[in-house]
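1. Okay, predicted coordinates and the sequence, questions at the end:
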Amino acid sequence: MDEQAKKAALRGISYGLYVIGTKVGDDVNAFTGNWVTQTSFVPPLVVIAAKKGTTSCDGIRESGVFSVNVLETGQKDLAFSFFKPVSRVGNKFGEVEFYTQTTGSPILKEALSWFECKVVDVNERGDHVLFVGEVIDAGVHRGGDSMTLKETGLFYGG
């Protein structure tokens, strides 16, 4: 296989950019992710991927729940703030406020919209874990266009 062609072809997949949250014991955690897709209408199912061996991946596995915060175009700084581990103080990750709903996973006040899932299946192939989640709650903070990975100038694929 031509490695450069493979990389170029896989980087052609369109990705959004999201902040994915979960419960970690009695605490919460969040990370920026882009491997998110809806896989069923009835019931409403989505799949996310979390890197193996991370606090968030372990938290999702243990708690069986996660939230997905849909970011707005132009929220690059917000997305980048969750590329590294973040510390929680009260209801904030740094300066980013959040609240919780049904699952106890963090919902960012600055996100366009959000949904919460309970894990219904897990696939542990490769260097990421795929979590299939059934959407059990959702909300919209405001209208707008969703952020894409392309606008950040980054590539996470290939």
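-> Received, thanks.

2. Run through the neighbouring helices and strands of the helix or strand bottoming out on mean pLDDT in the chain.
-> Least confident helix or strand, the chain: helix 3-10 with a mean of 84, by mean pLDDT, DSSP states H and E. Packed against helix 3-10, as judged by 3 or more CB pairs under 8 Å, 6 or more residues apart in numbering; DSSP states H and E, are no other helices or strands. For the C-beta atoms, the positions are set from N, CA and C on the backbone; glycine is no exception.

3. for that helix, the distance to its chain's centre please.
-> Its chain's C-alpha centre and that of helix 3-10 lie 24 Å apart, by CA atoms, centre = their mean, to the nearest Å.

4. likewise stretch 57-71?
-> That offset, for stretch 57-71, works out to 8 Å (CA atoms, centre = their mean).

5. Just the buried positions in that stretch, please.
-> For stretch 57-71, a neighbour-count test (16 or more other CB atoms under 10 Å) marks 57-61, 63-71 as buried.

6. show me the contacts for residue 137.
-> For residue 137, the contact set (CB atoms under 8 Å, 6 or more residues apart in numbering) comprises 101-103, 115-116.

7. Sketch out the strands for the chain, chain order is fine.
-> Shown for the chain, the strands assigned by DSSP state E span residues 18-24, 27-33, 36-40, 45-51, 65-70, 88-89, 92-93, 96-100, 106-108, 113-123, 128-140.

8. Could you dump these into JSON lines with mean pLDDT and distance to residue 153 added?
-> Putting the strands of the chain into JSON lines (pLDDT from 0 to 100; distance: least, CB to CB, whole Å) gives the following:
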{"stretch": "strand 18-24", "mean pLDDT": "93", "distance to residue 153": "18"}
{"stretch": "strand 27-33", "mean pLDDT": "93", "distance to residue 153": "14"}
{"stretch": "strand 36-40", "mean pLDDT": "95", "distance to residue 153": "20"}
{"stretch": "strand 45-51", "mean pLDDT": "97", "distance to residue 153": "21"}
{"stretch": "strand 65-70", "mean pLDDT": "98", "distance to residue 153": "20"}
{"stretch": "strand 88-89", "mean pLDDT": "86", "distance to residue 153": "29"}
{"stretch": "strand 92-93", "mean pLDDT": "94", "distance to residue 153": "24"}
{"stretch": "strand 96-100", "mean pLDDT": "97", "distance to residue 153": "22"}
{"stretch": "strand 106-108", "mean pLDDT": "98", "distance to residue 153": "22"}
{"stretch": "strand 113-123", "mean pLDDT": "98", "distance to residue 153": "24"}
{"stretch": "strand 128-140", "mean pLDDT": "98", "distance to residue 153": "22"}
